[in-house]
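>>> What shape does this take:
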Amino acid sequence: MSVSIFESFGHYLEQSDYPKGKKKIMEAAVEQFSRYSYHGTSTLQIAKAAGLSQATLFKYFKTKEDLLVAIIHPVAPGLFVDFFDHLLTYQTPEDMVHFLVRDRMAFFGENQALFKIILQELLAGDKVKAEQKRLWETISPKVLAVKKRLEGDARVNPQLTVTQVVRIFIGPILAYFGQLYLIGQGGDFSESDLQLIEKQILAGLWQ
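Predicted structure coming up:
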């Protein structure tokens, strides 16, 4: 499996210039949100898990939602923006889909706890919704470029919209991730499953 473009949230924190206390809080929040859900976790729980006071938590994050947004925000470049730039280096639908499936599953595997949070808390609050809107505004031109690249192949349905392309690309991958890490007990990706996901995506693109 290829190395993910964005290695992990932990790697991001290691490379950031955040104060040590802020890093501890963000790491603890990911673990607690993943285990108990966003709404099932209190700021006191997060502070205790980080080995810090609740006052220290509020020094860096005014609200729990601010903390959630701070966790989600840095994922966007690795999840979509940089990814689409790499995707556009491939010429055929088959090669693009192969890279898509392998790289994104590697990315999700490196960030299991983080993506459990994202999938569970998509509608957590106004600030999170605003973050989603900002992300879509950022990636929509990239998706359009991918759509145009795909349309160069006569087998691809030219009537597909940008949102339909996103759904075709991401739907099977998120469903598989959810099967493994939200419903199931986790585990390694199956090569046969990844090949099947590639076939499902290509079938959605063809006329």
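
>>> Can you give me the buried ones in stretch 135-150?
For stretch 135-150, burial by neighbour count (16 or more other CB atoms under 10 Å) applies to 135, 139, 142, 143, 146, 147, 149, 150. Using the backbone N, CA and C atoms, a C-beta is placed for each residue, glycine as well.

>>> Quick check: which of those has the minimum pLDDT.
Checking pLDDT across these, the minimum falls on residue 135 at 79.

>>> Surely that one and residue 69 touch.
No: using CB atoms under 8 Å, residue 135 makes no contact with residue 69, being 11.4 Å away.

>>> can you pull out the helices in the protein?
Applying DSSP state H to the chain gives helices spanning 9-15, 20-36, 43-50, 54-60, 64-72, 75-76, 82-87, 93-110, 112-120, 126-150, 162-178, 191-205.

>>> Please identify the residue most distant from the middle of this structure.
In the chain, counting by CA atoms, centre = their mean, residue 154 sits farthest out from the average C-alpha position, at 30.6 Å.

>>> Model confidence for that one, exactly?
96.

>>> In contact with residue 16: list those residues for me.
Contact analysis of residue 16 by CB atoms under 8 Å, 6 or more residues apart in numbering lists 23, 74.

>>> next one: residue 98
Applying CB under 8 Å, 6+ apart, the residues contacting residue 98 are residue 198.

>>> Kindly tell me how buried residue 27 is, as a neighbour count.
Residue 27 is flanked by 18 other residues according to other CB atoms under 10 Å.

>>> What of residue 72?
22.

>>> ditto for the one 10 residues further on
Neighbour count of residue 82, defined by other CB under 10 Å: 14.

>>> got the helices of the chain as JSON lines, with distance to residue 184 columns?
Putting the helices of the chain into JSON lines (distance: least, CB to CB, whole Å) gives the following:
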{"stretch": "helix 9-15", "distance to residue 184": "21"}
{"stretch": "helix 20-36", "distance to residue 184": "15"}
{"stretch": "helix 43-50", "distance to residue 184": "25"}
{"stretch": "helix 54-60", "distance to residue 184": "32"}
{"stretch": "helix 64-72", "distance to residue 184": "24"}
{"stretch": "helix 75-76", "distance to residue 184": "23"}
{"stretch": "helix 82-87", "distance to residue 184": "25"}
{"stretch": "helix 93-110", "distance to residue 184": "14"}
{"stretch": "helix 112-120", "distance to residue 184": "12"}
{"stretch": "helix 126-150", "distance to residue 184": "26"}
{"stretch": "helix 162-178", "distance to residue 184": "9"}
{"stretch": "helix 191-205", "distance to residue 184": "12"}
